[in-house]
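Participant: Based on what follows, work out the 3D shape:
(chains A and B, ligands or ions: 2)
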Amino acid sequence: MQYISFVMGQLARNAKHGWTAQIMTLFTVMLSVLIFSFFFLVYTNMQKAASRLCNELRLVVYLESEVPTNFRTEFQKKITNFEEVEDIVFVSREDAFARLKKQLGNDSDVLAGLDPSFLPYSVEIYPTRNLKSLARIKEFSDYLGGLPGAIKVQYGQEWIERFGYFVSLLRIIVVLTGALLILTSVFMVSHTIRLTLESRQEELEILRFLGATDSYIRGPVIIEGFLLGLLGALSGVTALSFLYQWIKIRFSGPGFMNLFELSFLPGSTIFIILSMSLLLCTSGSMISIRKYLKL
Amino acid sequence: MNNTHLAPPLIDIVKVSKVYPPNIMALNDISLTIGRGEMVFLTGASGAGKTTLLKLLCFLEYPTKGLIEQDQKDISQLSSIDLQLMRQQIGVAYQDFKLLSKHTVYQNIALAMEVRYENPTKIKKRVMELLNDLGLSDKIHIATNKLSRGEQQRVCLARACANRPALILADEPTGNLDTESTDKVMTLLNKLHKSGTTLLIATHDSTIYRDTDHRIINIENGKLQEILKVKLDF
Ligand SMILES: Nc1ncnc2c1ncn2[C@@H]1O[C@H](COP(=O)(O)OP(=O)(O)OP(=O)(O)O)[C@@H](O)[C@H]1O
Ligand SMILES: [Mg+2]
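Facilitator: Residues are numbered from 1 along each chain as shown, chains lettered A, B, ... in the order given. Ligands and ions are numbered 1, 2, ... in the order given. Model prediction:
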């Protein structure tokens, strides 16, 4: 209890002397958390949208002739050689005809008297539902087009492909901003704390003469780093939630954004971001105090 | 006096030399034993090596040669945490004060107790008491760089006494003081001595040891020499 009040006293004293550096650090930590979590938020929402898209995503390969039953395994193997897929369905003319009839519903009588033979044979390929397959869909489709007997490959619109590229670009941004978060927090916090320590050098020396233990000297410094991390991350996440609310209001209503049912970061992710920031800032402060403990 | 020599001594200095770079021989092969509860005066000309001896006893410097035992422990063998804890048991009034210039009198004195995680009420009580003893009560919230040298000196002494340590090393505790303040300082030191504290006082000020019954040790060019108290006046 006493120690806590002592630490608080120390912190107040430090804050009085070096508050500009502390505010700057707090701001930097907040910004890095905000930038990182913003991109992460966009990424997770894109990912959700993508997986929704993936549900409807399939590649249809139209064939010259039906693949004979005994060649089907080989054909499937050729497809999975390129990439694992969720499912492969061979569609016979009859199947296709039945499907068409069903699609037409009440108007199905236009098909009356027609023979299924006007429809082509096809294979439907359902890619695995992840972003990787989305990003590679163009390559995959080119590959499928090169299979023996393939006439034409069809899949959603071109924008699906673009979307895939976009999502993988986002992934890179998330990784980069994550690295930025790590670097800036550790650097800024250890820098600020080094500044406070430098301004306290005389005090640290005298503390040594008075018999202060390492833990006595280290305590307030580490708690300072911890608090910078905590407050920085909390304000970063709070800023993000305001930004999120604003975007939601701004872009709700009909249109493109409806494809994305926007959702905020789940609690567990926020928790991870907070603990990351705490961990980084605390280790930043530990790095800078080490030199002073060798006094 | 004799029975203090039966108990193990608090400080045992055996054939210690201290050479500062490049080759300043500050202490030359000195031996000295100080018993628990003793009060010892250390005299000698300027540059004789008094401060150096005190610095060795509070681990600010290490002997170039020889052995120092405190509390029967060889100090060169102590780990850094042991040294830190041991320093908490030694009150030092430095010749150059080593006060935190921007901090108040109160904060400076309290710091010595804070590093031992003492209770704030206890700290407050003790600081008030010391300031009262040394006639500094009205300066309590003044930054120490605003004080006169004599006042700074007393703050430094108060800090050294704050924890009622087992050992007090006072380097010129009355150097800048008038008679009245000198009396206050000596009253405080004598009070601590009576309560069992061991004191080693380096001084030029013959008025504070002139009439004493305690040992007086003189250093001359890094060599020790005990002044045997022969009360010639009688
Ligand atoms: N850090 C140092 N480096 C080099 N020489 C030093 C150092 N400290 C002290 N000395 C020298 O060691 C000798 C003893 O110094 P010390 O400070 O112990 O003297 P003193 O008896 O305390 O003197 P005074 O009464 O003036 O305080 C002096 O010649 C001094 O110049
Ligand atoms: Mg001296």
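Participant: Checking whatever residue of the stretch 151-295 of chain A ends up closest to chain B next. Helix, strand or coil?
Facilitator: Residue of the stretch 151-295 of chain A nearest chain B, by Cβ to the nearest Cβ: residue A:211 (3.2 Å). In this view, the C-beta of every residue, glycine as well, is placed from N, C-alpha and C. Of the three states, residue A:211 takes coil under DSSP: H, G, I helix; E, B strand; the rest coil.
Participant: How about residue B:154, nearest residue that isn't a chain neighbour?
Facilitator: Nearest non-adjacent residue to residue B:154, counting by Cβ to Cβ, 6 or more residues apart in numbering or on different chains: residue B:134, 4.5 Å away.
Participant: Low-confidence bits of the stretch 1-150 of chain A, can you list those?
Facilitator: Of all residues in the stretch 1-150 of chain A, those with pLDDT under 70 make up the ranges A:1-3, A:14, A:17-18, A:53-56, A:129-135.
Participant: try chain B
Facilitator: Scanning chain B for pLDDT under 70 picks out B:1-6, B:228-234.
Participant: just the stretch 151-295 of chain A next, same as before
Facilitator: Looking at the stretch 151-295 of chain A by pLDDT under 70, you get A:156-161, A:252-260, A:294-295.
Participant: re the thing from before, go ahead and confirm the residue of the stretch 151-295 of chain A closest to chain B touches residue B:81.
Facilitator: No. In this structure, residue A:211 is not within contact of residue B:81 by Cβ atoms under 8 Å, at 10.4 Å.
Participant: More neighbours: which of the two?
Facilitator: residue A:211 (24 against 11; other Cβ atoms under 10 Å in any protein chain shown).
Participant: and the strand or helix carrying residue B:128, which residues are buried?
Facilitator: Here residue B:128, judged by DSSP states H and E, is contained in helix B:120-133. Residues of helix B:120-133 classed as buried: B:123, B:126-127, B:130-131, B:133 (neighbour count, 16 or more other Cβ atoms under 10 Å in any protein chain shown).
Participant: likewise stretch B:184-193?
Facilitator: B:184-186, B:188-189, B:192-193.
Participant: and what of stretch B:68-81?
Facilitator: B:68-70, B:75.
Participant: tell me which element residue B:66 falls in.
Facilitator: Per DSSP H and E: strand B:65-70 holds residue B:66.
Participant: The residue of the stretch 151-295 of chain A closest to chain B: what's it in contact with?
Facilitator: For residue A:211, the contacting residues are B:84-90, B:115-116, by Cβ atoms under 8 Å, 6 or more residues apart in numbering or on different chains.
Participant: Next, give phi and psi for it.
Facilitator: Dihedral pair for residue A:211: phi 90, psi 20, per degrees, to the nearest 10.
Participant: what do you get for residue B:170?
Facilitator: According to degrees, to the nearest 10, residue B:170 has phi -120, psi 120.
Participant: And residue B:43, by the same measure?
Facilitator: Torsion angles, degrees, to the nearest 10, at residue B:43: phi -120, psi 170.
Participant: Give the burial count for it, as a bare number.
Facilitator: Here the number of neighbours of residue B:43 (other Cβ under 10 Å) works out to 20.
Participant: residues contacting the nearest residue to it once chain neighbours are set aside?
Facilitator: Excluding the flanking residues, the one nearest residue B:43 by Cβ to Cβ, 6+ apart is residue B:218, at 5.0 Å. Going by Cβ under 8 Å, 6+ apart, residue B:218 touches B:42-44, B:224-227.
Participant: Surely residue B:218 is within a helix?
Facilitator: No. Using three-state DSSP, the assignment for residue B:218 is strand, not a helix.
Participant: Any figure for the gap between it and ligand 1?
Facilitator: 11 Å (Cβ to the nearest ligand atom, to the nearest Å).
Participant: Give me the distance from the top helix by length along chain B to the chain's centre.
Facilitator: What stands out as the longest helix in chain B, according to DSSP state H, is helix B:179-194. How far helix B:179-194 lies from its chain's middle: 13 Å, per Cα atoms, centre = their mean, to the nearest Å.
Participant: Check which element follows it along the chain.
Facilitator: According to DSSP H and E, the helix or strand after helix B:179-194 is strand B:198-202.
Participant: Give the buried residues for that next one.
Facilitator: Per 16+ other Cβ under 10 Å, strand B:198-202 contains these buried residues: B:198-202.
Participant: Extract the CA atoms of the longest helix of chain B and return them as PDB.
Facilitator: Extracted as PDB, the C-alpha positions of helix B:179-194 are listed here (Å, rounded to 0.1, in the frame of the first residue of the first chain):
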ATOM      1  CA  THR B 179      28.300  28.000  18.000                       C
ATOM      2  CA  GLU B 180      24.600  27.700  18.600                       C
ATOM      3  CA  SER B 181      24.000  25.400  15.700                       C
ATOM      4  CA  THR B 182      27.100  23.400  16.500                       C
ATOM      5  CA  ASP B 183      25.700  22.800  19.900                       C
ATOM      6  CA  LYS B 184      22.400  21.600  18.400                       C
ATOM      7  CA  VAL B 185      24.200  19.200  16.100                       C
ATOM      8  CA  MET B 186      26.400  17.800  18.900                       C
ATOM      9  CA  THR B 187      23.400  17.400  21.200                       C
ATOM     10  CA  LEU B 188      21.700  15.400  18.500                       C
ATOM     11  CA  LEU B 189      24.800  13.300  17.800                       C
ATOM     12  CA  ASN B 190      25.300  12.700  21.500                       C
ATOM     13  CA  LYS B 191      21.700  11.700  21.900                       C
ATOM     14  CA  LEU B 192      22.100   9.100  19.100                       C
ATOM     15  CA  HIS B 193      25.300   7.900  20.700                       C
ATOM     16  CA  LYS B 194      23.500   7.400  24.000                       C
END
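Participant: got the angle between it and strand B:198-202?
Facilitator: Here helix B:179-194 runs at an angle of 150 degrees relative to strand B:198-202 (axes from the mean of the first three to the mean of the last three Cα atoms, to 10 degrees).
Participant: Now do helix B:179-194 and helix B:120-133, the angle between them.
Facilitator: Using the same axes, to 10 degrees: helix B:179-194 against helix B:120-133 is 130 degrees.
Participant: So what touches helix B:179-194?
Facilitator: Residues outside helix B:179-194 that contact it (Cβ under 8 Å, 6+ apart) are B:37, B:39, B:130, B:133-135, B:150, B:154, B:157, B:161, B:164, B:168, B:170, B:173-174, B:177, B:199, B:201, B:205, B:207-208.
Participant: ok, which of these also contact ligand 1?
Facilitator: Among those, no residue sits close to ligand 1 (Cβ under 6 Å from any ligand atom).
Participant: residues in chain B within reach of ligand 1, list them.
Facilitator: By Cβ under 6 Å from any ligand atom, the residues of chain B that approach ligand 1 are B:20, B:24, B:26, B:44, B:46-52, B:95.
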